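1. Build the 3D model from these lines:
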Amino acid sequence: MAEDAPSAPTSRWRGRWSVCLTVAAVVTVWLALVLPDRARGLGAGSFVRIPVEALLLVTVVLLAGSRVRRATALVFGALLGLLLVVKALDMAFFTVFDRPFDLLSDWYYFGPGIGVLGDSVGRPVAIALVVAGGCLATGLVVLVCLAVVRLADVAAAHRRRSARTLLALGVVWLACALAGAQVASAAVASRSTAELAYGQVHQLRADLADRSAFAHDIATDPLAATPGGPSLAGLRGKDVLLVFVESYGRVAVQGTTYSPGVDAVLADGDRQLRASGWSVRSAFLTSPTFGAGSWLAHSTLQSGLWVDSQQRYNQLLTDRRLTLSRAFHDAGWRTAFSDPAITRDWPEGKRFYGFDASYDSRNVGYRGPRFGYAPMPDQYSLAALSRTELTADPARPRVMAEIDLVSSHHPWTPLPHLVDWSTLGDGSVFDGMPGQGESATKAFQDPERVRALYGQSIEYTMSTLVSWLQVQPDPDLVLVVLGDHQPHSYVSGAHPGHDVPVSVIARDPAVTTRIAGWGWQDDLRPAPDAPVWRMDTFRDRFLDAFAR
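-> Coordinates of the predicted model:
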């Protein structure tokens, strides 16, 4: 017995459902093709485009047989879905790092990124967000692939109508492309997804070629030929500190809503330092990184090489290169490293950098509360270095140390406050400090509040550093104080550059006399017209200034 024919309402429902699926597929494919790869491009005009990739796909669908059509749709859909995920990653990286995502080396950032997210919203929520993001990315790839297959099937089933539509859109696209001198017309004739795919392939090839080029740079070190290394006679008898201030960028000292507060702290610091016999010289260095990746800046300054990617960093640490700390170690200084954010053993500190001692969150006796990302306030980190390395014992060896101050690390809340140095103890004095109750999630609901908190974090770190110099009895102390990178773009604004302040601070005026030829300025706050060096040039200039 023959099956009953579908009823008229059922047929209409199926027809409407089919039309809805087709419209959804067209919109999905179109959005995947025209979506920009950065948040600043998300304007209404960015979606009024005719993507040439869609025209090429429909052309292949109309000319090919059913087997080739289905295979083409599956491959195109999978690639388009993956490129949509790359666009989302690009958008995130432009927001945080002011650059696109690098397929070969940027996966490393997911680990530290999860940690920072956990410090902002809590670890369980961070893990849930990461899992949700992974599921969303997988779902997007599958959804786009299904949408492309649906679009291909519909185009093949309606060849004449599809051909006419293709011809009309192709004429419009070509006309707009030929009128490319007009910005609006050029934007309509879109090929952004094809350019993105080409850019990713080109970047992969460039990353692979960079390995051999960077290996040559590592091996080509003029200082390696110096017998016994640089003597550093100009710093003999001095304790030398390399002090990195997290996220301390040019925007902290000029041209922003929060820079006046930082400038006032630096001006007050200048008055205090001059009154107690310190001299200061300041300028700017151009960092190889932006928004995060502090280790890239650290290795750039120390090695004299431009380390602007995780690939270069990994390659550098598996090779041999004279770093500033190793130069001091070879010249007879005791070398130390202090970073409270480290929570596990770091063998590269001794093997590559030449540090004799390492201090982190596990071995300085801190028993106080965390402050967001920072396991302890900068005040405690400085006091711990005084207690462990910069003691008053006249028989101790001279010390060269790198210390990383992380209270100004994202998310900038809660923030500690400076307390009397004599009350520090084990850090319990920071318990219940005002501001402990403010969550980063709540603060980030107000962009102006985020910027204000960032400025306050720099004010805290710099005022703490100046205060520490007032209580530090060492008359032979020399400091190089600098930022590692600019803060994230939602704090710094669009295209702020990569410059960070740098200062040389010393009690002995002979130290700053040796760098008089650098042309650096006399204050903690470098003026807008202060000299700007690339960060990788500092090692050689510093060692040359104090070699004799």
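2. so what's residue 381 closest to, chain neighbours aside?
-> The shortest distance from residue 381 to any non-neighbouring residue, by CB to CB, 6 or more residues apart in numbering, is to residue 340 (5.4 Å). For every residue, glycine as well, the C-beta is placed using N, CA and C.
3. show me what contacts that neighbour?
-> 359, 360, 361, 364, 366, 374, 375, 376, 380, 381, 404, 406 (CB atoms under 8 Å, 6 or more residues apart in numbering).
4. any chance of these in CSV, with pLDDT, secondary structure and neighbour count too?
-> Below are those laid out as CSV (pLDDT from 0 to 100; DSSP: H, G, I helix; E, B strand; the rest coil; neighbours: other CB atoms under 10 Å):
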residue, pLDDT, secondary structure, neighbour count
359, 96, strand, 21
360, 94, coil, 20
361, 91, coil, 17
364, 95, coil, 20
366, 96, coil, 22
374, 91, strand, 26
375, 93, coil, 24
376, 96, coil, 25
380, 97, helix, 26
381, 97, helix, 27
404, 97, strand, 23
406, 96, coil, 26
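5. can you list these in a markdown table and add distance to residue 422?
-> Formatted as a markdown table, these follow (distance: CB to CB, whole Å):
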| residue | distance to residue 422 |
| --- | --- |
| 359 | 21 |
| 360 | 25 |
| 361 | 23 |
| 364 | 18 |
| 366 | 17 |
| 374 | 22 |
| 375 | 22 |
| 376 | 18 |
| 380 | 13 |
| 381 | 17 |
| 404 | 25 |
| 406 | 24 |
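6. of all those residues, which comes closest to residue 64?
-> Using CB to CB, residue 406 comes nearest to residue 64 of those, at 57.7 Å.
7. Which of the three states applies to the residue nearest to residue 381?
-> Of the three states, residue 340 takes coil according to DSSP: H, G, I helix; E, B strand; the rest coil.
8. if we can go back for a sec, from the contacts of residue 340, which is closest to residue 159?
-> Comparing those against residue 159 with CB to CB places residue 406 closest, at 63.2 Å.
9. hang on, the closest one packs against residue 342?
-> No - Residue 406 is not in contact with residue 342 according to CB atoms under 8 Å; the separation is 10.0 Å.
10. Would you map the strands across the stretch 1-150 of the chain?
-> Ranges of strands in the stretch 1-150 of the chain, per DSSP state E, counting those that start in this stretch, are 50-51.
11. Tell me where the model's unsure across it.
-> Scanning the stretch 1-150 of the chain for pLDDT under 70 picks out the ranges 1-12, 39-47, 111-122.
12. What segments of it are helices?
-> Assigned by DSSP state H, counting those that start in this stretch, the stretch 1-150 of the chain shows helices spanning 8-34, 52-63, 66-97, 110-121, 123-157.
13. Reformat these as JSON lines; add mean neighbour count.
-> Listed next are the helices of the stretch 1-150 of the chain as JSON lines, based on neighbours: other CB atoms under 10 Å:
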{"stretch": "helix 8-34", "mean neighbour count": "14"}
{"stretch": "helix 52-63", "mean neighbour count": "18"}
{"stretch": "helix 66-97", "mean neighbour count": "18"}
{"stretch": "helix 110-121", "mean neighbour count": "16"}
{"stretch": "helix 123-157", "mean neighbour count": "16"}
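14. need those in a markdown table with distance to residue 245, can you?
-> Formatted as a markdown table, these follow (distance: least, CB to CB, whole Å):
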| stretch | distance to residue 245 |
| --- | --- |
| helix 8-34 | 42 |
| helix 52-63 | 46 |
| helix 66-97 | 19 |
| helix 110-121 | 17 |
| helix 123-157 | 26 |
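15. Indicate which one of those is closest to residue 451.
-> helix 66-97 (14.7 Å).
16. Show me what that closest one is packed up against.
-> For helix 66-97, the elements it packs on are helix 8-34, helix 52-63, helix 123-157, helix 192-219, helix 489-492, judged by 3 or more CB pairs under 8 Å, 6 or more residues apart in numbering; DSSP states H and E.
17. Excluding sequence neighbours, find me the nearest residue to residue 151.
-> Using CB to CB, 6+ apart and skipping residues adjacent in sequence, the residue nearest residue 151 is residue 25, 4.9 Å away.
18. Spit out the contact partners of that neighbour.
-> Taking CB under 8 Å, 6+ apart as the test, what residue 25 contacts is 146, 147, 148, 150, 151, 154.
19. Could you list every helix and strand in contact with the helix or strand harbouring residue 468?
-> In the assignment (DSSP states H and E), residue 468 maps to helix 447-471. Applying 3+ CB pairs under 8 Å, 6+ apart, one finds that helix 447-471 makes contact with strand 239-245, helix 259-275, helix 378-388, helix 440-443, strand 477-483, helix 489-492.
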